[in-house]
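Student: Requesting a structural model of the entry that follows:
(2 chains)
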Amino acid sequence: GEDVEQSLFLSVREGDSSVINCTYTDSSSTYLYWYKQEPGAGLQLLTYIFSNMDMKQDQRLTVLLNKKDKHLSLRIADTQTGDSAIYFCALSRWGQFYFGTGTSLTVIP
Amino acid sequence: DVKVTQSSRYLVKRTGEKVFLECVQDMDHENMFWYRQDPGLGLRLIYFSYDVKMKEKGDIPEGYSVSREKKERFSLILESASTNQTSMYLCASAWGMAAEAFFGQGTRLTVV
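Tutor: Residues are numbered from 1 along each chain as shown, chains lettered A, B, ... in the order given. Down below sits the predicted model:
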């Protein structure tokens, strides 16, 4: 399978930017995703990036992809308490999805 | 909107029981997946199916089986539940080879 690694925890103050990082081993994935999981819920897609892109911005979210270093990051600007959740990095390859361990983001008011 | 529905949010079962977890999607997706989620381990793939009556083992299939008799329904079966199968189970579906996966709300299974 694919190794996808993330830090387990991140705490930020409300209003600051959050940066969640992800590293992976296989560079043949077509799409790379960020999913959000709120307590007691399933996963919801936040954003995704094609493997031939370096950056994607969507309102408060910025995704950066460094293919050389096999590193994906998600930046959340002006982090709010409602952003507290678990964030999963994921890759897809040949119809299968590979998920990281998830990063639990805590936003301190 | 795509909807993936899991039959139960919470289940409590006894050791040795046969357990069925049901998942239904309403978007005619070919691919369906069962994952289990455990703290610090992320999502681990149990089984997936890319067509009716087709199934493939994921990373942790031991102790589980699946059934896909209709395109919209993918069932996960615990033949004889054990306490180490206490976990959150997530079903997902996707169209095609590289599209977004849509998730159900999850079933938290406790085996006592």
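Student: C-alpha only now, for contacts and for neighbours.
Tutor: OK.
Student: The residue at minimal distance from the centre of chain B bridge partners, please.
Tutor: The centroid of chain B falls nearest to B:Trp34 when counting by CA atoms, centre = their mean (2.9 Å). Assessed by DSSP bridges, B:Trp34 has beta-bridge partners B:Tyr47, B:Cys91.
Student: Spell out which residues of chain A are next to chain B.
Tutor: A:1, A:8, A:30-31, A:40-45, A:88, A:92-97, A:99-102 (CA under 8 Å from any CA of the partner chain).
Student: rerun at 10 Å
Tutor: Residues of chain A found near chain B (CA under 10 Å from any CA of the partner chain) are A:1, A:4-9, A:29-33, A:35, A:37, A:40-45, A:47-48, A:86, A:88-104.
Student: where does the chain have low pLDDT?
Tutor: Using chain A. A:1-2 (pLDDT under 70).
Student: Oops, wrong one, chain B.
Tutor: B:2, B:98.
Student: Recalculate using a threshold of 80.
Tutor: Counting by pLDDT under 80, chain B has low-confidence residues at B:1-2, B:96-99.
Student: interface residues of it facing chain A?
Tutor: Counting by CA under 10 Å from any CA, chain B sits next to chain A at B:4, B:9, B:31-33, B:37-45, B:48, B:50, B:58-59, B:88-92, B:94-108.
Student: can you map out the strands along chain B?
Tutor: With DSSP state E, the ranges of strands along chain B come out as B:4-6, B:10-13, B:19-25, B:31-38, B:42-49, B:56-57, B:64-70, B:73-78, B:87-94, B:101-103, B:107-111.
Student: Distance to A:Thr79 for these - can I get that in JSON lines?
Tutor: Listed next are those as JSON lines, based on distance: least, CA to CA, whole Å:
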{"stretch": "strand B:4-6", "distance to A:Thr79": "29"}
{"stretch": "strand B:10-13", "distance to A:Thr79": "31"}
{"stretch": "strand B:19-25", "distance to A:Thr79": "33"}
{"stretch": "strand B:31-38", "distance to A:Thr79": "26"}
{"stretch": "strand B:42-49", "distance to A:Thr79": "23"}
{"stretch": "strand B:56-57", "distance to A:Thr79": "39"}
{"stretch": "strand B:64-70", "distance to A:Thr79": "40"}
{"stretch": "strand B:73-78", "distance to A:Thr79": "37"}
{"stretch": "strand B:87-94", "distance to A:Thr79": "27"}
{"stretch": "strand B:101-103", "distance to A:Thr79": "25"}
{"stretch": "strand B:107-111", "distance to A:Thr79": "29"}
